[in-house]
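Colleague: kindly generate the corresponding structure for this input.
(2 chains)
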Amino acid sequence: MKLIVSILLSALLSFVAGLYFPWWAFAVAVFAVGALIPQQPFKSFLAGFMGVLLLWLVLLLFLNSNNNGVMAERVGNVLSVKGGAAVLIPVTCLLGALIGGLAALSGAYLRKR
Amino acid sequence: MRTIPFLVSAAATIGLVTVLNTRWNVGGSETPRLGGFLSPQHGFWQNAAPAEEDFGGKLALNGLKGKASVYFDERLVPHVFADQEEDAFYVQGYLHAKFRLWQMEFQTHAAAGRLTEILGVGKDSAILNYDRQMRRLGMVYGAEKTLETMHRDPDTKRVCEAYTAGVNAYIASLRESDIPLEYKLLDYKPEPWTMKKIALFVMYMSYDLSGAEHDFEYTNAKAVFSQADFNKLYPVTQDSLDPIVPKGTTFTPTRPLPVTPLTADSLYFQWKDSVQVSFSRPDKDNGSNNWAVAGTRTASGKPILCSDPHLSLSMPSLWYEIQLHTPGFSANGVSFAGVPSVIIGYNDSCAWGFTNAMRDVRDYYEVKFKDASRSQYWFDSSWHMTQFRVEEHGIAGGGVFRDTVAYTNIGPVMYDASFSGEGRAPQQRNFAVKWKAHDGSNEWRMFYMLNKARNYNDYLQAIQNLGSTGQSCIFASKSGDIALWQQADFPAKWRRQGDFVMPGDDSTFFWQGFIPRIENAHLVNPERGFVSSANQLPVDSSYPYYIGGVHDLYRGKIINRKLSGMYGITPADMQRLQNDNYNLFAETAMPIFRKYLDRSKLSPKEQKFAQILDAWNLENTPESIGATVFSHWFDSLEQEIWYDEFKQVNGVYTWPEEYTLAEQLLKDSAFPFINNIETPAAETLFDVVTAAFKKASAQLEVLEQNNTLAWSKFKDTGIRHLLRMEALSRFHLTTGGGRHIINATKQFHGPSWKMVVHLTDETEAYGIYPGGQNGNPSSKYYDNFVDDWAAGKYYKLWMMKQTEAADPRVKWTLHFEPAS
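Modeller: Numbers count the residues shown, from 1 in each chain, chains lettered A, B, ... in the order given. Predicted structure coming up:
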């Protein structure tokens, strides 16, 4: 139950932080969740990872399908990444999730005695 | 706290964020800050335009005086209706920013020599050198003068301030996530718009259209060739010229003519030294076609006006279609993102367009400084004090480069020992530039007045504002008038003045005044029933002033030839004429091929190419192979004839024009340059024509193997993004045409806007440009005109009326009102 709450809270706070603060603010939000909700470090990591992954995946799928993948295709070519959205979306989500997981883990270690 | 695991994981988190928040140099170019760039809530994804984007809505903004409404049609062309004139221009500024913000700022940064601020110094300092050249040419200095003139005119000030407020209202509404893609890629942010940026854009157009000069190249050629040879290579007029003002027209000077300095023969024409300077210049084919036919020649009895400016083809397009409607006027056509009003278009009474005058309006003078400090210069037998202007170049990522530019009574000293970049060898000689655009004039007012023009007299008044950017301004009205004036303050020159670098210490070599405007070449309602210009010389040799410059010959000739034979003209005929692919240059040059190709020396493969050329119908259609063969043969012929002699030239040079070579060979088969001076044998025209054909055939075989023999495949027209990023460009279009052809489509250059206006009671107008209304590369309106443009199609232009708000062509409505 704590895990589910942590995941949802991480996603929600990351979204809100993204509205007002720079791109990396979600790491601070997820760190706070990790520090406030007592869990095993691994579970904290998982919560941060999954929270950001879910949020970013939903956002990206929505933005990309609205645009029929045109932007992802063009930007993919600018960055010399072949495959457009099919590559950019997973890569982006994993990068975000990794930062989220590590930030939550840091929070958990901060709390842990 | 579990200290060590905490420190490790915290360091990993911060490290990863830092890596992703840094720009990295990969393969010579900087990456964006990937974290922010990829972030779904901040990065490029936020710019992904919804496929079914809604452009309608309601906005309450500061700075508006009353209400305004914008009706977007199915091509995303806005029809702006405002109760007050200022509001129409305010909304125009808002729309330009909404759809083209990055482009308008980038273009004015380029004009101001500020590209290093966003792109860094570039490979081999190429971008810094470009910026320094722009500043040293006096672009910002000229813009400041222009701005002063603009401020002195109440209408200009009022309208440009309203426009600027509109741009800034849009910029203020931007959230960080909405900033256009290119800013995110290059990692910088928009800055507020100013009236100075409008002045800078006007200067940029002056710059782009002032490339018709070869001062340094001719100076170097003159050091090698005799005066007689020089005149053959670079003739002042061409034998087969068909000028804008028909041959035989008499001109009566109203004032004393310019006087050639007494020392010209000893100082100027006899110079034997060469100049080590290189100059990056706009495309020499920056030109255009325009023509207007009178009612006597049309099926309807009403005039038709056509205009197609030939410029670099870029994404986002230079042009943005718009209609502006106020109680005082209604104008429709294309605008420049960054400048208020319609630039080329029509209103309820008349239509207008432009071609470049291609006159030499910029000259270079050698300055003698007293010493390396450059603080004093020698002029008319005494020392004078130099003025200095320090140009600061901000560099992306930090740092400032300061360049001290000296100014004399001529203008800025562009080249001296302190600027040896862009391939210039370090040198101790100093060259100052004299350019009419430095004086400042309110060019913009011409467009504003044309938007409101009702008749020929209004047009004539409007074009009096054109000071430095010489244009052939074409006009037609519903009342039946057609007219063409080549307009600007053109320096009144003595023969060959300004073709070479001039002495800067002697006032007798200065411009002695300007050609009185009344004596500028013009035609009003001529008996032949049409007026036209296509960058050819405006007048023949009976004109009392020296014109200079670089002019096309064939487009003007073929347009006049075709128009002379046309009666009962319809807009469809005019569209066909704008897309005409007939190669008059090839018609002129083919007799050389027929007469002097020694077929007995050709291999079977070469014979085959010769037969293709024999059978060619002289049309540069996309699928034509003859056009490819011809262009290779003639390029090789130029190489055969010029290469050996021009190898002697020290420094930059330019080969004679193609028509000069063709005309020389046709009238003189013993033209001395035919001989290759590097061989003991005396080559004949047969030898060089045949050798050129053999060399061309070798290149053609390679094309054949690559399956790129068809003209459009060889020419490979494309429209490049301003940052030259392939993913944001459109390449490999199927188009015909080319140099010297009415359809002047080259690889990255061509008709940037094609317009046909039939001045019937209910105006019938057509137009198209290669691009799309929206500068956002993910929008379907980014490049939706490109394929139709390449296919030679047109869109019917819609001059919307106030009563048509419910018309089905209106797809979205955007309402503006003042914020309370």
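
Colleague: is it fair to say residue B:484 lies in a strand?
Modeller: Yes: assessed by DSSP: H, G, I helix; E, B strand; the rest coil, residue B:484 belongs to a strand.

Colleague: for it, list the residues it contacts.
Modeller: In this structure, residue B:484 makes contact with B:244, B:290, B:292, B:472-475, B:522-524, B:531-533, judged by C-beta atoms under 8 Å, 6 or more residues apart in numbering or on different chains. C-beta: built from backbone N, CA, C; applies to glycine.

Colleague: redo that, cut-off 7 Å
Modeller: The contact partners of residue B:484, by C-beta atoms under 7 Å, 6 or more residues apart in numbering or on different chains, come to B:244, B:472-474, B:522-523, B:531, B:533.

Colleague: cool, and residue B:665?
Modeller: Contact partners of residue B:665, counting by C-beta under 7 Å, 6+ apart, are B:592, B:671, B:685.

Colleague: give me the three-state assignment for residue B:719.
Modeller: Put simply, residue B:719 is strand when judged by three-state DSSP.

Colleague: show me what it is bridged to.
Modeller: Per DSSP bridges, residues listed as beta-bridge partners of residue B:719: residue B:730.

Colleague: near residue B:394, how many other residues are there?
Modeller: Other residues near residue B:394 number 14, with proximity taken as other C-beta atoms under 10 Å in any protein chain shown.

Colleague: beta-bridge partners for it, please?
Modeller: Using DSSP bridges, the bridge partners assigned to residue B:394 are residue B:400.

Colleague: which residues does whichever helix or strand residue B:559 is part of contact?
Modeller: Counting by DSSP states H and E, the secondary-structure element that holds residue B:559 is helix B:554-564. If you take C-beta under 7 Å, 6+ apart as the criterion, helix B:554-564 is touched by B:242, B:289, B:291, B:293, B:530, B:532-536, B:577, B:582, B:584-585, B:659, B:740-742, B:744.

Colleague: can you point out the buried residues in it?
Modeller: B:554-560, B:562-563 (16 or more other C-beta atoms under 10 Å in any protein chain shown).

Colleague: can you put those residues in CSV and add distance to residue B:206 and pLDDT?
Modeller: Converted to CSV, the buried residues of helix B:554-564 look like this (distance: C-beta to C-beta, whole Å; pLDDT from 0 to 100):
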residue, distance to residue B:206, pLDDT
B:554, 26, 95
B:555, 23, 96
B:556, 23, 96
B:557, 28, 96
B:558, 29, 97
B:559, 26, 97
B:560, 28, 97
B:562, 32, 97
B:563, 30, 97
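
Colleague: what's the closest of these to residue B:396?
Modeller: Distances from the buried residues of helix B:554-564 to residue B:396 were compared by C-beta to C-beta; the smallest belongs to residue B:555, at 41.5 Å.

Colleague: quick one: low-confidence ranges for the chain?
Modeller: Here I'm looking at chain A. Residues of chain A that meet the criterion pLDDT under 70 lie in A:113.

Colleague: you answered for a different chain; I wanted chain B.
Modeller: Where chain B drops into low confidence, which here means pLDDT under 70, it does so at B:28, B:279, B:421-427.

Colleague: great, nothing more from me.
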